[in-house]
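Engineer: everything below, folded, please.
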Amino acid sequence: MKNIINRQGDVMLYEVQALPEGCVEQGQANEIVLRVGEVTGHSHRLLTQERPGLTFLAPDGSIYLQIGEPATLAHEEHKVQTVPPGIYLLPTQVEHTPSETRRVMD
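Structural biologist: The predicted structure is shown next:
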């Protein structure tokens, strides 16, 4: 299986084979807000039609998404993308500077 990576601004979805052991379901919805821009207030959203997407929290604090149908990854300032069904890790994007490592802000 080739892992699918979807990127949109400071959001990346990385396809994984399965949820890690010990994940706890956090909820389900047809619209999942992945990140809200601290600067613009715009949000990266995952949208489904029929089957809601599920969010999970792993024991290490990582966030996972499970979607059972093609979903739309939307943002006000980026091109809309289609995300295939699957299980995805939503890693926190960071940037490195000589003085620090910090979370990417939109």
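Engineer: from here on, just use CA atoms for contacts and neighbour counts.
Structural biologist: Fine.
Engineer: the residue nearest to residue 75 when sequence neighbours are not counted bridge partners, please.
Structural biologist: Closest residue to residue 75 apart from its sequence neighbours, by CA to CA, 6 or more residues apart in numbering: residue 44 at 4.8 Å. Beta bridges link residue 44 to residue 35 when assigned by DSSP bridges.
Engineer: which ones are touching residue 44?
Structural biologist: If you count contacts by CA atoms under 8 Å, 6 or more residues apart in numbering, residue 44 has them with 8, 11, 33-36, 73-75.
Engineer: separate out the buried members of these.
Structural biologist: When the contacts of residue 44 are checked for burial by 16 or more other CA atoms under 10 Å, the buried set is 8, 11, 34-35, 73-75.
Engineer: circling back: Serialize the contacts of residue 44 to CSV and add fields for distance to residue 59 and pLDDT.
Structural biologist: As requested, those are arranged in CSV below (distance: CA to CA, whole Å; pLDDT from 0 to 100):
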residue, distance to residue 59, pLDDT
8, 26, 68
11, 21, 82
33, 21, 87
34, 19, 84
35, 20, 80
36, 23, 78
73, 26, 88
74, 28, 87
75, 29, 82
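Engineer: only C-alpha atoms, please: export stretch 63-72 in PDB.
Structural biologist: Output in PDB follows, covering the C-alpha atoms of stretch 63-72 (Å, rounded to 0.1, in the frame of the first residue of the first chain):
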ATOM      1  CA  ILE A  63      -4.900  13.000  16.200                       C
ATOM      2  CA  TYR A  64      -6.200  10.500  13.700                       C
ATOM      3  CA  LEU A  65      -9.100  10.700  11.300                       C
ATOM      4  CA  GLN A  66     -11.100   7.900   9.700                       C
ATOM      5  CA  ILE A  67     -13.200   8.600   6.700                       C
ATOM      6  CA  GLY A  68     -15.300   6.000   4.900                       C
ATOM      7  CA  GLU A  69     -16.100   8.000   1.700                       C
ATOM      8  CA  PRO A  70     -14.300  10.500  -0.500                       C
ATOM      9  CA  ALA A  71     -14.100  13.800   1.500                       C
ATOM     10  CA  THR A  72     -13.400  17.400   0.600                       C
END
